[in-house]
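Trainee: Need a 3D model of the sequence below.
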Amino acid sequence: MAYELEVTLSSAKDLKNINWRYGPIRPYIVVWIDPNHKVTSRVDDEGDTSPEWNQSLIVPLVHPIEEATLFIDVVHYSSPDEDTKPLIGSAKVDLCDIVDDVGIGARVTRSLKLKRPSGRPHGKLELEIMVRDHRYRGPEPYPTPQHVEYNAPPYPYGQPAPYGEKEERVRRNGDGVGNRCSSRGGGWYSIS
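Mentor: Numbering: from 1, shown residues only. Coordinates of the predicted model:
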């Protein structure tokens, strides 16, 4: 069975300003299970050392859940022409722990300690994680109803008028009271 991971990034606090010489940090998050399928968040330009994202990311789960680990990097966005982006901190979560705690299809909230490559702590990251069936999608909101005016009344029961012609009704043989099966022969008929 195929699964995917929904990671909702809330906020971070106490991040170290690794860009202190040039101004505030502009952090964004990179999450992945398979290094070939990395997903990134938007850059928080205003949060500096306490950014907020409030963004959900979908990460494909290509490995079995028992062997899968979610890797999270918080990175400083400096400029588009630089090849390397300075790492603020990293964390990882074993997905088997998440599934053991809440199962598949339920959310769990975690506060992860971010660490530098040296092992020193560099802040905390608040997020929600949910392992879900790949086929599951949340219900789509109902579309906004469009206002449409009808120019003509709907056709009555029976055979509609031919395409492009207008149906006319005439009274024949009586006052129009009764139905077509009456012995008087009253009723409404179409004229072509």
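Trainee: mind listing the helices in the chain by residue range?
Mentor: 95-102 (DSSP state H).
Trainee: the bottom helix or strand of it by mean pLDDT?
Mentor: strand 188-191 (a mean of 52; mean pLDDT, DSSP states H and E).
Trainee: pLDDT on the strand ranked longest in the chain, on average?
Mentor: Counting residues, the longest strand in the chain under DSSP state E turns out to be strand 121-133. In this model, strand 121-133 has a mean pLDDT of 91.
Trainee: buried ones in it?
Mentor: Going by neighbour count (16 or more other CB atoms under 10 Å), the buried part of strand 121-133 is 122-127, 129-132. To be clear about C-beta, it is placed using only N, CA and C from the backbone, and glycine gets the same treatment.
Trainee: can you tell me which of these lies nearest to residue 89?
Mentor: residue 122 (3.9 Å; CB to CB).
Trainee: residues in contact with that closest one?
Mentor: Residue 122 makes contact with 14-16, 88-89, 114-116, according to CB atoms under 8 Å, 6 or more residues apart in numbering.
Trainee: What's the ChimeraX syntax to select whichever of these are buried?
Mentor: A single ChimeraX command selects the buried members of the contacts of residue 122 (16+ other CB under 10 Å):
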select :15,16,88,89,114
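Trainee: Neighbours of the nearest residue to residue 44 once chain neighbours are set aside, how many?
Mentor: Leaving aside its sequence neighbours, residue 44 sits nearest to residue 51 (CB to CB, 6 or more residues apart in numbering; 3.7 Å). Using other CB atoms under 10 Å, residue 51 is surrounded by 26 other residues.
Trainee: Assess the claim that residue 51 and residue 14 are in contact.
Mentor: No - Residue 51 is beyond contact range of residue 14, at 11.1 Å (criterion: CB atoms under 8 Å).
Trainee: quick one: low-confidence ranges for this structure?
Mentor: The model of the chain has pLDDT under 70 over residues 1, 80-84, 135-192.
Trainee: how's it carved up into domains?
Mentor: Taking automatic domain parsing as the criterion, the chain consists of the domains 3-133, 159-192.
Trainee: Of those, flag the one that's most buried.
Mentor: A comparison of those by mean neighbour count, using mean count of other CB atoms under 10 Å, puts domain 3-133 on top with a mean of 16.
Trainee: Quick one: end-to-end distance for it.
Mentor: 5 Å (CA to CA, to the nearest Å).
Trainee: mind starting the numbering at 44 from now?
Mentor: I'll keep to 44 as the first residue from here, and by that count the last item is domain 46-176.
Trainee: List the contacts of residue 96.
Mentor: Here residue 96 is in contact with 52-54, 72, 84-85, 87 (CB under 8 Å, 6+ apart).
Trainee: The residues you listed into TSV, with extra columns for distance to residue 115?
Mentor: Below are the contacts of residue 96 laid out as TSV (distance: CB to CB, whole Å):
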residue	distance to residue 115
52	9
53	13
54	14
72	6
84	10
85	15
87	15
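Trainee: In strands, which of those appear?
Mentor: 52-54, 72.
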